[in-house]
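Asker: Sequence and predicted structure below; questions after.
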Amino acid sequence: MADLTHMEKKELLALARNTIKKYLTGGERADPPLDKPVFLEKRGVFVTLHRNGELRGCIGYPLPYKPLGEAVVDNAIAAASEDPRFPAVSSAELGELDIEISVLTVPQKVAGPDQVQVGRDGIIISKGFQRGLLLPQVPVEQGWDLEQYISYGCRKAGLAPDEWERGVQIEVFQAAVFGEKEMGEEP
């Protein structure tokens, strides 16, 4: 799995913004770039939208289902129009959005919560058919300790917050996280 260069990160952010703009103004999809091998690698990816510092949408693929460029296009549209927690983004909001992309490693099972490092690891908590994912930046942004992080992961899976004490499957992954704000990109 190749690391992304600064320029590739900027191109992916521009692709996400262009995708959302094309979709909101005409219902069209942007074409992902095919000129760089890294954009053709299958990768897990999430696209997160913030407006005025508040979450506005976040959708992604936890596993490497599709090539990176195509996954960014899919999830940019989904974050803007399909996150069930929010109404669809309007074209009037486009200039107020800050776009962030998280490119994930493949999740790995761990024996228990003590093997999760807050700030490094994203988590997937599952039990039976219930499953919840939290990106690695979430506990840092929220100021959570490890127990709070695992408890919120359980809640995200639709489980009791303390279900991890009775046994859940925990998978961890890492992510390259980059956004327009820290990359100096203006909407």
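Answerer: Ah, there it is. Computed from a prediction, not measured in an experiment: that's the story for all the values here. Numbering: from 1, shown residues only.
Asker: Show me how the protein divides into domains.
Answerer: 6-104, 108-173 (automatic domain parsing).
Asker: from those domains, which stretch is densest packed?
Answerer: The highest average neighbour count among the domains of the chain, using mean count of other CB atoms under 10 Å, belongs to domain 6-104 at a mean of 18. (C-beta placed from N, C-alpha, C; glycine too.)
Asker: need the contact list for the residue nearest in space to the middle of the chain.
Answerer: The centre of the chain sits closest to Phe46, judged by CA atoms, centre = their mean, with a distance of 2.6 Å. Contacts for Phe46 were tallied using CB atoms under 8 Å, 6 or more residues apart in numbering; they are 58-61, 75, 101-102, 104, 135, 175.
Asker: Turn these into TSV, including distance to Gly167 and pLDDT.
Answerer: Formatted as TSV, the contacts of Phe46 follow (distance: CB to CB, whole Å; pLDDT from 0 to 100):
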residue	distance to Gly167	pLDDT
Cys58	28	93
Ile59	29	94
Gly60	27	94
Tyr61	27	94
Asn75	31	96
Ile101	34	95
Ser102	28	93
Leu104	25	92
Leu135	24	90
Ala175	26	91
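Asker: residues in contact with the helix or strand where Tyr23 lies?
Answerer: In this structure, Tyr23 is located in helix 6-26 according to DSSP states H and E. Helix 6-26 is contacted from outside by 4, 28-30, 32-33, 36, 38-39, 47, 49, 68-69, 72-73, 76-77, 79-81, 89-91, 94, 97, 99, 101, 176, 178-180, 183, 185, 187, using CB under 8 Å, 6+ apart.
Asker: Identify each buried residue in the least confident helix or strand in the chain by mean pLDDT, please.
Answerer: Every helix and strand of the chain was ranked by mean pLDDT, DSSP states H and E. The lowest is helix 180-183, at a mean of 78. Buried positions in helix 180-183, judged by neighbour count with 16 or more other CB atoms under 10 Å: Glu180.
Asker: got the contact list for that helix?
Answerer: 6, 9-10, 13, 17, 98-100, 186-187.
Asker: so what's Gln174 scoring on pLDDT?
Answerer: Predicted confidence (pLDDT) for Gln174: 93.
Asker: what's around it, how many residues?
Answerer: Gln174: 17 surrounding residues under other CB atoms under 10 Å.
Asker: was I right about it contacting Leu104?
Answerer: Yes. With contacts counted by CB atoms under 8 Å, Gln174 reaches Leu104, the gap being 7.4 Å.
Asker: Need the residues touching each of the two.
Answerer: Gly122.
Asker: Which ones among the contacts of helix 6-26 map onto helices?
Answerer: 38-39, 68-69, 72-73, 76-77, 79-81, 180, 183 (DSSP state H).
Asker: ok so, going back, give the bridge partners for the residue nearest to the centre of the chain, please.
Answerer: Gly60, Ser102 (DSSP bridges).
Asker: next one: Leu55
Answerer: Note on Leu55: beta-bridge partners His50, judged by DSSP bridges.
Asker: Alright, I will stop here.
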